[in-house]
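Novice: Sequence and predicted structure, then a few things I'm wondering about:
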Number of protein chains: 2
Amino acid sequence: MRSGHRTAGLGRVGAISVLTLCFGCLHVVSLKAKLFTRLGGLLHSTQTPISYETFYFEQKIDHFGFLEDGTFKQRYLVADKHWQQPGGPILLYVGNEGDITWFCNNTGFMWEIAEELGAMLVFAEHRYYGESLPFGQDSYSDSKHLNYLTSEQALADFAVLIQNLKNTQPGAQHSPVIAIGGSYGGMLSAWFRMKYPNVVVGALAASAPIWQFPGMVPCGDFYKIVTQDFARSGYNCDTNIRKSWKAINNVSSTASGLQWLSEQFSLCTPLKTKNGIISFKGWLQETWVNLAMVDYPYEANFLQPLPRWPVQVVCKYLGFNSTVSDYQLLHGVSQAAKVYYNYTGSSSCLNMSESATSSLGWLGWTYQACTEMVMPMCTNGVQDMFEPEEWNFQVFSDECSAMFGVRPRADWAGTVYGGKDISSHSNIIFSNGGLDPWLAGGVTYNITDSLISIMIPEGAHHLDLRYSNDHDPPSVRAARALEVKYFQQWIRQATKTPQTSKT
Amino acid sequence: MRSGHRTAGLGRVGAISVLTLCFGCLHVVSLKAKLFTRLGGLLHSTQTPISYETFYFEQKIDHFGFLEDGTFKQRYLVADKHWQQPGGPILLYVGNEGDITWFCNNTGFMWEIAEELGAMLVFAEHRYYGESLPFGQDSYSDSKHLNYLTSEQALADFAVLIQNLKNTQPGAQHSPVIAIGGSYGGMLSAWFRMKYPNVVVGALAASAPIWQFPGMVPCGDFYKIVTQDFARSGYNCDTNIRKSWKAINNVSSTASGLQWLSEQFSLCTPLKTKNGIISFKGWLQETWVNLAMVDYPYEANFLQPLPRWPVQVVCKYLGFNSTVSDYQLLHGVSQAAKVYYNYTGSSSCLNMSESATSSLGWLGWTYQACTEMVMPMCTNGVQDMFEPEEWNFQVFSDECSAMFGVRPRADWAGTVYGGKDISSHSNIIFSNGGLDPWLAGGVTYNITDSLISIMIPEGAHHLDLRYSNDHDPPSVRAARALEVKYFQQWIRQATKTPQTSKT
């Protein structure tokens, strides 16, 4: 848990950070990671180079009401080097909770297939993130300004943007558009095809937990998968993490223990209070979750600079047998945590708070979780390695009310996006990684012959969207090839029966 | 045109009444018509009797934002006499721009097939109409209160209502729901299936002009069809109506002519000004449109009490040859108009303004036309029998701005509801009548084998939804039979592959 922080104008940040999980705060790009990205350019000199133009489109602030008639500038990036006009396809990345340039840089798959498909690439930023702020610096100032931060508004942005692009860009009028996204962007991608099949001929929803909503999947599955990842990545790894919570409680019960803990973990701000311990444990829990999400088979810098198979590296520090003391155990845990937070060795101390709550991305996603994106999570400490915590909608709702002055609507996402009753839709690929905790809320079986599940057993969070790599397991290579095959099929379908143009 | 009226708090009503057409103000039920309905009960003693319970559901005022968390009571009517529970189908009338009891009474088709299908009937009222007023008496007070009057909000109401009904009504959990609607209700019905296929397994969209939007069909087609109806209903009928506009201009150019005109038409308020003449001609034009819409093969009381084949009756007064004088011609026109306004002989004078602008239904639909429901109409006086009038979006937009403080968005409906690119959807029947001017914007061909067009050549506006009648042409009998066949097919499909229930 993460408590005690204050966010300008928006009240207390309580238990929400754990409950919402914000996709591991994917949008949070620390300065360190950015630096690593630049260095990374050298490491991956064979990568298809990224080159795009930046544009801004005048969007209505409110697509669903007419009183607010104001507009804002939605950012989008275009790369048309390989586009075969007229009529060549458009691959659209539907932006999620962060700066679009980050998703652009982290979706190598699109850059690698552009030439083969003769495709234009478009990366469209999600409103309220990056530079696409409906009310500029005031966008997050209060619930009135946040009122237009919904997935429906974002989808409408994408639809209007694409329709406009097709109407104004020479050669694009009959271009079939394919939506691509990962994580929340993957959910949007699937929903975009469901709600606007007139705009996109198909969608790739990578690691998209569209069923992580109330009543659709068991709330404990997410953490079960995290636990399984650790269990299979090293001897006793999950067992020792499960033990660590009590060890933390024991050690932190004395002032000297608290001090020792702070020193072991090289915390920038030493632990001092009971709330601090709660935050500390929440921070560790989030760390394990993030590691499971980015358990990639090669050195990468997605959330943090990390070694290949980082969970295995982490587990090397956690292979104790049952006789380990609390102090020994927590020393191991601290080494493990430093794999995540200080792989490059450049951090002089670990800052528990810098990573998440300071970012607009975190705040935006928390607002979305507090309104539409109600994703129940729970732990029981038996089937998972975490302290037991039930899903309590009322507590969550109260937290949201205190923080934003709004309350979540538990059933709305299921009603508006169809929940498990989506079989009448078509042309959507749901890809999921076997290591990715978000698999818990994903579509993991073929619903129809055009609502396809592609499983990548050795894959973490949307591995398929990343640049190809020599260390890629065969399953992700096969997944990407199949995805391209479906893209080509959709493009052929669309070209055979072109969408009716305006009279 | 209808000008000079004032509507509380909402500025001037200008050219909008003709431009918006409000489906002939279907929602306007005059006292006279209501009276006739009661008498009509005796005329149709073999009709399936109507008996329902009235309920109210607590709906969110805003489904697409979380700042406004208030609710209102949405009215819905339920008839479950023939419902075969558990799992029997639900036929849902998706209410349009008027009091739901009126649609309930005018959709005999549903009442007649309930027993055969073992179906529950539900008639759900559209927000801002009838008793379903989000802000009670203030709902129409200004653009702030009108802000939640959109088709998207209405569809969300229907979706939430049905999901709730299925979750709370014993035996309804697995009931397949079929949406049914006529006119704007038919559009909503089709869109409901497109946007919420998780809620409804199919839809009957009767006389639903889903393509009467900018750039989809020629703006003149609507009035062409009106004209064709008159052309084939009597000798020189369209020709003489075409002549009448100039005759009105001629006769009204003198004070005595104005007086004569007012007397001939038994106007409650005599014509006095040039604007009055413009309104008068607009009123006549609307009369001919309405007559075309309700040109039913039997005595009916849909918009007004009328004889069977009313256009033929009207045309009996308009069969002049070319030598007719202006005064003779207009005498005929006045007799023709009285067929529409005084068939029962109970009106002592004709009131040009009572019928439309005094009703909330008219005001609500005008607001909708001024926002999303932008339906271009135009006349040229050559292919139609009306005075030439171009479609001018800017003028229309300015009128809307003056009246409501909002501006229409010409392209939004096409983007959000797919325009002509709807082939990926399924299980929608589009039925259209060959006499109905709204045919112009309708779907008149099969798009796929589950997006079906049913044509009723002798049918006016959604004749198929009305009670069966001995005078029904074979085409409407066949249409209804085919509609039921599709309903049964959808129900079978849904029963075979039940929608996944919540885990």
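Specialist: Here it is on my side, so go on. As the structure is a prediction and not an experimental result, all values here were calculated from the model.

Novice: And the nearest residue to A:Gln153 once chain neighbours are set aside, how close does it get to B:Asp411?
Specialist: With Cβ to Cβ, 6 or more residues apart in numbering or on different chains as the criterion, A:Gln153 has its nearest non-adjacent residue at 5.8 Å, and that residue is A:His63. All C-beta spots, glycine's among them, are computed from the backbone N, C-alpha and C. In this view, A:His63 and B:Asp411 are 11 Å apart by Cβ to Cβ, to the nearest Å.

Novice: Who has more neighbours out of the two?
Specialist: Counted by other Cβ atoms under 10 Å in any protein chain shown, A:His63 and B:Asp411 do not tie: A:His63 has more neighbours, with 25 against 17.

Novice: That one contacts A:Ala154, correct?
Specialist: No: A:His63 lies out of contact with A:Ala154 (Cβ atoms under 8 Å); the separation is 9.6 Å.

Novice: which residues of the stretch 1-150 of chain A fall in strands?
Specialist: With strands called from DSSP state E, counting those that start in this stretch, the stretch 1-150 of chain A shows them at A:53-60, A:71-79, A:90-94, A:120-124.

Novice: Could I get the full set of strands for chain A?
Specialist: With DSSP state E as the definition, chain A shows strands at residue ranges A:53-60, A:71-79, A:90-94, A:120-124, A:177-182, A:202-206, A:300-301, A:305-306, A:428-433, A:451-456.

Novice: and the last one, what other elements does it pack with?
Specialist: Using 3 or more Cβ pairs under 8 Å, 6 or more residues apart in numbering or on different chains; DSSP states H and E as the contact definition, the elements that strand A:451-456 packs against are strand A:428-433, helix A:474-496.

Novice: How about the shortest one and chain B, touching?
Specialist: No: legend: contact between strand A:428-433 and chain B by Cβ under 8 Å from any Cβ of the partner chain is lacking; minimum distance shown is 11.0 Å.

Novice: Centre of the chain to that strand, how far?
Specialist: Centre-to-centre, strand A:428-433 and its host chain are 14 Å apart (Cα atoms, centre = their mean, to the nearest Å).

Novice: Equivalent analysis for stretch A:472-479, please.
Specialist: Mean-position distance between stretch A:472-479 and its chain equals 21 Å (Cα atoms, centre = their mean).

Novice: So for it, mean pLDDT?
Specialist: Average pLDDT, stretch A:472-479: 98.

Novice: what comes into contact with it?
Specialist: Surrounding stretch A:472-479, the residues in contact under the criterion Cβ atoms under 8 Å, 6 or more residues apart in numbering or on different chains are A:297-298, A:431, A:454-459, A:463-464, A:468.

Novice: swap the cut-off to 10 Å and go again
Specialist: Outside stretch A:472-479, the residues within contact range by Cβ atoms under 10 Å, 6 or more residues apart in numbering or on different chains are A:109, A:206, A:296-298, A:429, A:431-434, A:454-460, A:462-466, A:468-469, A:480.

Novice: Point out the residues in the stretch 1-150 of chain A that sit beside chain B.
Specialist: With Cβ under 10 Å from any Cβ of the partner chain as the criterion, the stretch 1-150 of chain A meets chain B at residues A:60, A:62-69, A:142-150.

Novice: And those residues, which of them are buried?
Specialist: By neighbour count, with 16 or more other Cβ atoms under 10 Å in any protein chain shown, the residues of the stretch 1-150 of chain A next to chain B hold A:60, A:62-68, A:143, A:145-150 as buried.

Novice: hang on, the earlier thing: can you put the strands of chain A in TSV and add mean pLDDT?
Specialist: Shown next, in TSV, are the strands of chain A (pLDDT from 0 to 100):
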stretch	mean pLDDT
strand A:53-60	98
strand A:71-79	98
strand A:90-94	98
strand A:120-124	98
strand A:177-182	98
strand A:202-206	98
strand A:300-301	90
strand A:305-306	92
strand A:428-433	98
strand A:451-456	98
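
Novice: Could you list the contact residues of the stretch 251-400 of chain A toward chain B?
Specialist: So the stretch 251-400 of chain A meets chain B at A:367, A:370-372, A:400 (Cβ under 10 Å from any Cβ).

Novice: what about the residue lying closest to A:Tyr343 once chain neighbours are set aside, distance to A:Ser346?
Specialist: Counting by Cβ to Cβ, 6+ apart, A:Tyr343 lies nearest to A:Pro305, which is 5.0 Å off, once chain neighbours are set aside. A:Pro305 is 9 Å from A:Ser346, where distance means Cβ to Cβ.

Novice: Fine by me, thanks again.
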